[in-house]
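Engineer: Got a sequence here, can you build the structure:
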Amino acid sequence: MSEKVPQTFKNHARFDPLFHFFLVPVAAITMFGTIWRLIQQPSMTSGWRVVIALAAVVAVFKIRLCALRVQDRVIRLEERPRLERLLPEPLRSKIGQLSEPQLIALRFASDGEVAGLVEKTLAGNLAPKQIKEAIVNWRPDNFRV
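Structural biologist: Residues are numbered from 1 along each chain as shown. Reported below is the predicted structural model:
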C-alpha cells in the first residue's frame with residue numbers, strides 16, 4: 001500500500017471529482033448548448049430551456065457553497081476551543097478578534113506554533129494565505145473538500 005503524501009501549503013487544496021470533473025462540466029455544457037439552441041432556433045421553449053439550465057448551474061454552485069459554508073462553521077467551532085486550550089492568557093482574550101477566514105487558516109498550524117501565529121496574525125492582520133505560508137509544522141485537514 002502506498003503512503004499518503006504529507007499535506008502542505010502547496011498540496012492542501014482539494015478537488016471533489018464528482019463536483020469538479022462531472023457536475024461543473026455537465027452544467028457548463030448544458031448551459032452553452034441551450035444558449036446555442038436559442039440562437040439557432042429562437043422560441044419561447046428554447047428561451048425557457050436557457051432559464052432552466054441557468055437555474056441548474058446556480059443550484060450546482062449554491063449546493064457546493066452551502067456545504068463549504070457549513071464546513072467553515074464547523075472548523076470555526078473546533079478552532080475556538082482549541083485556541084482557548086493552547087493560547088496563553090493574554091492571547092486567549094483576543095480570539096474574538098480573529099476573522100473566520102483567519103481561524104480557518106490557523107487550523108493547519110501545529111499545536112506548538114499556533115500561539116506564535118495567532119500573535120503574528122493579530123499584530124499584522126495576516127491574510128489566510130499568509131498564515132498558511134507561515135506554518136512550519138503543517139497539521140493536515142484531510143476531511144475538507
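
Engineer: Could you use CA atoms for every contact and neighbour count after this?
Structural biologist: OK.

Engineer: In the chain, which helix is the longest?
Structural biologist: helix 44-86 (DSSP state H).

Engineer: and that one, what other elements does it pack with?
Structural biologist: helix 24-40, helix 100-106, helix 114-124 (3 or more Cα pairs under 8 Å, 6 or more residues apart in numbering; DSSP states H and E).

Engineer: relative orientation of it and helix 24-40 in degrees?
Structural biologist: Angle of helix 44-86 versus helix 24-40, following axes from the mean of the first three to the mean of the last three Cα atoms, to 10 degrees, is 150 degrees.

Engineer: Let me see the domain layout of this structure.
Structural biologist: Domain ranges of the chain: 14-70, 87-139, per automatic domain parsing.

Engineer: just how off-centre is the shortest one within its chain?
Structural biologist: Just to be clear, that refers to domain 87-139. On the basis of Cα atoms, centre = their mean, to the nearest Å, domain 87-139 sits 17 Å off its chain's mean C-alpha point.

Engineer: now do the longest one
Structural biologist: The gap between where domain 14-70 is centred and where its chain is centred comes out at 21 Å by Cα atoms, centre = their mean.

Engineer: Give me the most central residue, this protein.
Structural biologist: L68 (5.8 Å; Cα atoms, centre = their mean).

Engineer: got any ranges where the protein has weak pLDDT?
Structural biologist: Within the chain, the segments meeting pLDDT under 70 span 1-3, 145.

Engineer: try it again with 90
Structural biologist: Residue ranges of the chain with pLDDT under 90: 1-17, 90, 125, 140-145.

Engineer: is it true that T34 touches S43?
Structural biologist: No: contact between T34 and S43 fails when scored by Cα atoms under 8 Å: they sit 11.6 Å apart.

Engineer: Neighbour count: these two, which is higher?
Structural biologist: Taking neighbours as other Cα atoms under 10 Å, T34 and S43 compare with T34 leading, 21 against 12.

Engineer: contacting residues for the more buried one?
Structural biologist: Neighbouring residues of T34 by Cα atoms under 8 Å, 6 or more residues apart in numbering: 46, 49-50, 53.

Engineer: Look up how far N11 lies from it.
Structural biologist: Per Cα to Cα, to the nearest Å, T34 is found 37 Å from N11.

Engineer: try G116
Structural biologist: 23 Å.
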